[in-house]
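K.L.:
Compute the structure for the input listed below.
(chains A and B)
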Amino acid sequence: MAQHLLDAVVLGSIFTLFALGLSLSWGVLNVLNLAHGAIFLMGGLTAYVITDGNDLPLVVVLPAAMLVSGLLAVALEVVAYRPLRERVGDPHKAELPMMIASVGAAFMFTAIGVEITGNMPVGVNPAVFEVSGFDVLGLRVTDLEILIVVVALVFGGGLAWFVARTRHGRALRALAQDPYTCGLLGISPARMAFITMFVSGAFAGTAGVLLALQQSAIEAHSWEPLLLKGFAVIVLGGVGSVYGTIAAAYLLAITEIVTVSYITPSLRDAVAFALILVLLLLRPQGLFAKTAWQRS
Amino acid sequence: MIEWFDSNEALIQSALAMSVLALSVQLALHAGVFSLAGVGFWAIGGYGTAKLVLEGWSTAPALAVMVAISAVIALAMGLILNRLRALYLAMATFAFVLIVQIVALNWESVTGGPVGLFAIPVTITTPVLVVIVALCALGIALWERGRSGRMMEALREDEQLAATVGIDVRRRRVVVFVVSSLLGTVSGGLYAMMFNTITPDQAGFGLITNVLMMIVLGGISTWWGAVVGAFIVTWLPEILRFAEDYRAIIQGAIVLFVVVYAPDGLVGVVRRAGALARRLAGRRAVPAEVAAGGTAE
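P.N.:
This next block holds a predicted model:
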């Protein structure tokens, strides 16, 4: 039981990193970034490509992967999302074309992933991070698992602090409320959108590297179920709530591990969908949010 | 012509079957319902019809039964999902598509697991297919024009406004959702019947991309854009043959750039060309009137 709980915490940490980025781009920019999973893939693949044949430590590999994923997300903003918002005018009318553009991007990145991996599972050079396990109170723990949990909590806490306490964070919240007024107040929506997309992509890239190390394999289509989990987390936590997203990520992970361990493994991905439907039916504003203004 | 038809028959059949799915999504988006559920129902229709035919049913009743079953599922889903708007609906239906694919992968006794269903007897001929597709397209074309078409546009542009002029927004949205889903079922059923196999990897994210590619390339604003798009996307692998391994990458990039820089797809290009032609014709007409002594406005 305790071992299952540990697994859930590790899984929940990956969900946290992944879903925070997804929630951020949606909450601030109204982008349902379906390419988020593919950007996650690109993070993992960056780690694979740069360590192929040379031993780099994680302190080099992780920032490199974050940079690549972050820049890819920014590229999408520059090439697609911003031109669309500017052309369409009404931010809500731009949602659909932005989503379709992100599907195109996801398709493109996945195809690049297939090209890099040769459509086979590939592994990151294990020299990046020497995994060693030890026993704590009768539980089997690896240092990689501890690292994953710590990174997720530091990044999640850091984002919460950034959004709630800093000037830029305040600008970000203002942008989420009303981009037009933001412009009047001297906040550059374009620059804030850059920051948002970069952070969103970098978080996905981090999740990509850590999961690639944890599972010791990357496969070009492996992000698809994760995107489903990301949706479930956002719906559970409520869009735009950092703490809600973190809590929801661990809640989903626990539900999933319980289902896999005590009911049947084949229902693993169905749990997320069931949660989405039940929640949308009973509490569409998410478990932790107070209002549902965004949904109506 | 006939030679070309013979050598491309499989592509034509595929484009025809897929154009019904493109219509499904086009209809939903046209009415402002961001539903991708049609893609999930494509898999339900494909697997269901194939399974029934493999059990010895004949095609027409098998397809009819699947349409009926889908109608019940779609109605239930439509009523539940009706409270969702915009991206939330897109996300929920996207999740639905992925779940259908997961069920197809795991429910081996019925769906054959990763291998899918194969050796399905091919029972539909191309003329029958043409007739069914034409009927679907005609139905959508009629629905999207005139009074009902304007209602749909009102629904898309401003729901509150639509409600104040007496349109039953809730009911219309559910109806659109259900019809869109059923078109998906029909498309999947036709596809499985034409190509004698159906596998889980045909559904899922790849199919969503394909369908969105169709309506984006053809043009999202009219039903015929969807049909034209289905043909373009079906031929795209042939057209992009020179790109070899980079084909899929280019395909994704095309979608991205068309959405951003040519928002109405081919329909938009044709319309703009038409407007340009009329303007040119008009310019020539004016001097003629002046020459005849008429007063130009």
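
K.L.:
drop to CA atoms for contacts and neighbour counts, all remaining ones
P.N.:
OK.

K.L.:
Let me see the ranges of the helices in the chain.
P.N.:
As the question left the chain open, I've gone with chain A. With DSSP state H, the ranges of helices along chain A come out as A:2-29, A:36-51, A:58-76, A:82-88, A:95-117, A:143-165, A:167-177, A:179-184, A:189-215, A:223-237, A:242-258, A:268-282.

K.L.:
that's the other chain; I wanted chain B
P.N.:
Assigned by DSSP H, chain B shows helices spanning B:2-7, B:9-30, B:37-54, B:59-81, B:86-106, B:108-111, B:126-143, B:146-157, B:159-164, B:169-195, B:204-218, B:223-239, B:247-261, B:265-291.

K.L.:
Please identify which of those helices is closest to A:L11.
P.N.:
Closest of those to A:L11 is helix B:86-106, at 19.8 Å (criterion: CA to CA).

K.L.:
The stretch 101-250 of chain A against chain B: which residues are in contact?
P.N.:
By CA under 8 Å from any CA of the partner chain, the residues of the stretch 101-250 of chain A that approach chain B are A:101-109, A:111-112, A:115, A:224-225, A:228, A:231.

K.L.:
Low-confidence ranges, chain B, go.
P.N.:
The model of chain B has pLDDT under 70 over residues B:1, B:283-297.

K.L.:
Chain A now?
P.N.:
Scanning chain A for pLDDT under 70 picks out the ranges A:284-296.

K.L.:
ok, 50 please
P.N.:
A:290-296 (pLDDT under 50).

K.L.:
picking up where we left off before, go through the helices of chain A and pick out the most buried.
P.N.:
With neighbours taken as mean count of other CA atoms under 10 Å in any protein chain shown, the helices of chain A reach their highest mean count in helix A:36-51, at a mean of 27.

K.L.:
Now do it and helix A:2-29, the angle between them.
P.N.:
Put simply, helix A:36-51 runs at 110 degrees to helix A:2-29, going by axes from the mean of the first three to the mean of the last three CA atoms, to 10 degrees.

K.L.:
helices and strands around helix A:36-51, which ones?
P.N.:
helix A:2-29, helix A:58-76, helix A:95-117, helix A:189-215, helix A:223-237 (3 or more CA pairs under 8 Å, 6 or more residues apart in numbering or on different chains; DSSP states H and E).

K.L.:
neighbouring contacts of that helix?
P.N.:
Residues lying outside helix A:36-51 but in contact with it, judged by CA atoms under 8 Å, 6 or more residues apart in numbering or on different chains, are A:18, A:21-22, A:61-62, A:64-66, A:68-69, A:72-73, A:106-107, A:109-110, A:113, A:116, A:122-125, A:128, A:201, A:204-212, A:218, A:220, A:222-224, A:226-227.

K.L.:
Run a quick neighbour tally on A:G118.
P.N.:
Neighbour count of A:G118, defined by other CA atoms under 10 Å in any protein chain shown: 12.

K.L.:
quick one: it from B:V269, how far?
P.N.:
Distance of A:G118 to B:V269, computed by CA to CA, to the nearest Å: 38 Å.

K.L.:
distance of the nearest residue to A:F109 once chain neighbours are set aside from A:G113?
P.N.:
Spatial nearest neighbour of A:F109, chain neighbours left out: A:A38 (5.8 Å); criterion: CA to CA, 6 or more residues apart in numbering or on different chains. Using CA to CA, A:A38 is found at 8 Å from A:G113.

K.L.:
Show me what from chain B comes close to chain A.
P.N.:
Neighbours of chain A within chain B, by CA under 8 Å from any CA: B:34, B:80-81, B:83-88, B:91-92, B:95-96, B:98-99, B:102, B:106, B:205-206, B:209, B:212-213, B:245-246, B:248-257, B:259-260.

K.L.:
The same query, at a cut-off of 6 Å, please.
P.N.:
By CA under 6 Å from any CA of the partner chain, the residues of chain B that approach chain A are B:95, B:248-249, B:252, B:255-256, B:260.

K.L.:
Could you dump these into CSV with distance to A:K93 and neighbour count added?
P.N.:
Below are the residues of chain B next to chain A laid out as CSV (distance: CA to CA, whole Å; neighbours: other CA atoms under 10 Å in any protein chain shown):
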residue, distance to A:K93, neighbour count
B:A95, 22, 29
B:A248, 28, 22
B:I249, 27, 22
B:G252, 22, 24
B:V255, 18, 28
B:L256, 17, 30
B:V260, 13, 22
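
K.L.:
Turn those residues into TSV, including distance to B:T185.
P.N.:
Compiled in TSV, these are given as follows (distance: CA to CA, whole Å):
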residue	distance to B:T185
B:A95	17
B:A248	26
B:I249	29
B:G252	26
B:V255	25
B:L256	28
B:V260	30
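
K.L.:
quick one: which of the helices and strands packed on helix A:36-51 is nearest B:L161?
P.N.:
Judged by CA to CA, the one of the helices and strands packed on helix A:36-51 that comes nearest to B:L161 is helix A:95-117, at 20.1 Å.

K.L.:
can you give me the end-to-end distance of stretch B:234-249?
P.N.:
This stretch, stretch B:234-249, spans 16 Å end to end (CA to CA).

K.L.:
Give the buried residues for that stretch.
P.N.:
B:234-235, B:247-249 (16 or more other CA atoms under 10 Å in any protein chain shown).
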